[in-house]
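*Asks:* The sequence isn't on hand, but the structure is:
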C-alpha cells in the first residue's frame, strides 16, 4: 500500500482522479509528525468542522489516507459524520483534543470563518499540516500573525481557494499576464447579493450544540438559530458576507492576474441596522486602485464572475465559461509553454496544449503532493493573506464610506488611525489568537 493510502493501480484506475495520478505521480514518502510511525503506514487525517463544505473537503482528503478523528461542536453533525465515513474515527467536541492525537498527521478545517486563523495556528504548532477552507482570516492582522507561525513551524498549509486549480481561471490569469489583452487597465468583479433578514428571535441553544464553543473568540451573545451553521456568513461578527465568501475566490483570481497590491480604496454600501438581524453590507460597490495603475471594481450586481479589460481586448471568466476574442484566438495562436508567467510554484507541472493550461484535477491532491515534497501549495498562506486582506479592506471601506489610502508593505492605512482600528477585532478571553 502506498504511504498516501492508495495503491498505484487503484489510484490510476479511479476515473475521478486519474488525471491527477498521471499528472503528479504517486507519492513515495510523506513527512510524518510522529517519528515512531512506520514509513509505510497510512496517513492519519483529523477533520475539524463537518457541516457543508467541511464534509466535502473531508471526503476529498479521504482519497489520500484514513479519517482517524472528527470534531464538531454540534453532536448531531459529529454522529452523522462518523456514519458517513464508514469507519469508527475518534469523535471530539473540542478541536484541541483532536490536535493532541499522535495518529493525526494532517488536519482539514471546515469551521465557520471566525475560527479559521486560530485553528490553523494551533494545528501548525501541534505539528500538523493543514488544509483550511477559505477565507483564511477574519481580519488583516490575523493574516500577519498566521504567516509568521507558518514560517516558524514549517508546516504546509493549503487554503480552499480552489479556483486557482481550475483550468478556466488559470487560463484567464495566464492570458492577462501573457499580454493577450494588451496592457491590463480595469477589472470588474461581481460577487452577488448579500442576504438580508431579521429581526430573529433569540432562544435557548439546542442540547446537541455547544454554543459557547461555536462562538469562540467572538462576542458572547444569546443564541439565534440564524447565527449558526450556513447563515453565519451574513453576520459581520463571524464573516464578511459575499466580500469574503465569493470574494475569497474571485478577488483572489483577479489579484493574481493584476500582480500588484491596492493602494487606494473607496467603498459605498447600505449597512443594515436591524437588531438581531443580518448586518453585512447590501447594495455594495468597492473601487480599488492598484500600485501598478490598474483599477478594480467589486460589486453585488451583474453576471457573477471576473471581467478583465486591456487596451486591446477583454476576457470574462466564471465557473461556467471563459469568453472573449483572445480566447478564440488561442486555437490558432496558443501560449507557448515558456511564456506561462503566473505560476511560481515549481512543484506544479504546467504543460500548454492548444493554448490551455492543464488544470489540477484535485485541489486537495496538490496539498498532499506538497506534504510529500514540502513545497508550496497553489493556494498558500502568503497569496491568500494578500487576497483576503483585499476583501477585508473592501468591507472596511464600505463601513467608513470615505476614500482610504493603504500601505501594502506596512499593512496600515495612511494617516487614518480610525481605519486602522478595523484591522483587528477584540477577541473573547480564552479564545485569543496567539
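*Replies:* Cool, got the structure. Because the structure is a prediction, the values reported are computed rather than measured.

*Asks:* Phi first, then psi, for the most centrally placed residue in the chain.
*Replies:* Nearest to the geometric centre of the chain sits residue 134, at 2.4 Å (CA atoms, centre = their mean). Backbone torsions of residue 134, given as degrees, to the nearest 10, read phi -80, psi 160.

*Asks:* That one and residue 249 touch, don't they?
*Replies:* Yes: using CB atoms under 8 Å, residue 134 is in contact with residue 249, at 7.0 Å. To be clear about C-beta, it is placed using only N, CA and C from the backbone, and glycine gets the same treatment.

*Asks:* What distance do you get for the residue nearest to the centre of the chain to residue 363?
*Replies:* 11 Å (CB to CB, to the nearest Å).

*Asks:* Any chance you could list residues touching both of those two?
*Replies:* 160, 379 (CB atoms under 8 Å, 6 or more residues apart in numbering).

*Asks:* overlap in contacts of residue 134 and residue 249?
*Replies:* In contact with both residue 134 and residue 249: residue 161, using CB under 8 Å, 6+ apart.

*Asks:* Any regions of this structure where pLDDT drops low?
*Replies:* For the chain, the stretches flagged by pLDDT under 70 are 1-40, 87, 337-361.

*Asks:* Domain-wise, how is it divided?
*Replies:* According to automatic domain parsing, the chain comprises the domains 8-163, 166-423.

*Asks:* possible to save those as a markdown table with distance to residue 434?
*Replies:* Formatted as a markdown table, the domains of the chain follow (distance: least, CB to CB, whole Å):
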| stretch | distance to residue 434 |
| --- | --- |
| domain 8-163 | 8 |
| domain 166-423 | 11 |
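
*Asks:* in what helix or strand does residue 388 lie?
*Replies:* According to DSSP states H and E, residue 388 maps onto helix 381-400.

*Asks:* nearest residue to residue 268 other than its sequence neighbours?
*Replies:* residue 285 (5.7 Å; CB to CB, 6 or more residues apart in numbering).

*Asks:* Is that neighbour in contact with residue 296, as I believe?
*Replies:* No: applying CB under 8 Å as the test, residue 285 and residue 296 come out as separate, 11.1 Å apart.

*Asks:* Between the two, which is the more surrounded one?
*Replies:* For residue 285 versus residue 296, neighbours defined as other CB atoms under 10 Å are more numerous around residue 296 (23 against 16).

*Asks:* so what's that one bridging to?
*Replies:* Judged by DSSP bridges, the bridge partners of residue 296 are residue 187, residue 288.

*Asks:* For the residue nearest to residue 181 when sequence neighbours are not counted, give me phi and psi.
*Replies:* Distances taken as CB to CB, 6+ apart place residue 310 nearest to residue 181, at 3.3 Å, with adjacent residues excluded. Residue 310 adopts backbone torsions of phi -110, psi -180, taken as degrees, to the nearest 10.

*Asks:* again, but for residue 283
*Replies:* In terms of degrees, to the nearest 10, the main-chain angles of residue 283 are phi 50, psi 60.

*Asks:* who's in contact with it?
*Replies:* 269-270, 300.

*Asks:* Would you convert the residues you listed into JSON lines that also reports distance to residue 152, secondary structure and neighbour count?
*Replies:* Compiled in JSON lines, the contacts of residue 283 are given as follows (distance: CB to CB, whole Å; DSSP: H, G, I helix; E, B strand; the rest coil; neighbours: other CB atoms under 10 Å):
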{"residue": "269", "distance to residue 152": "37", "secondary structure": "strand", "neighbour count": "23"}
{"residue": "270", "distance to residue 152": "42", "secondary structure": "strand", "neighbour count": "12"}
{"residue": "300", "distance to residue 152": "38", "secondary structure": "coil", "neighbour count": "20"}
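
*Asks:* is it true that the residue nearest to residue 268 lies in a strand?
*Replies:* Yes: counting by DSSP: H, G, I helix; E, B strand; the rest coil, residue 285 falls inside a strand.

*Asks:* Quickly note the distance from it to residue 311.
*Replies:* 24 Å.

*Asks:* I'd assumed residue 53 was in contact with residue 110.
*Replies:* Yes: Residue 110 sits in contact with residue 53 when judged by CB under 8 Å, with a separation of 5.3 Å.

*Asks:* overlap in contacts of the two?
*Replies:* residue 133.
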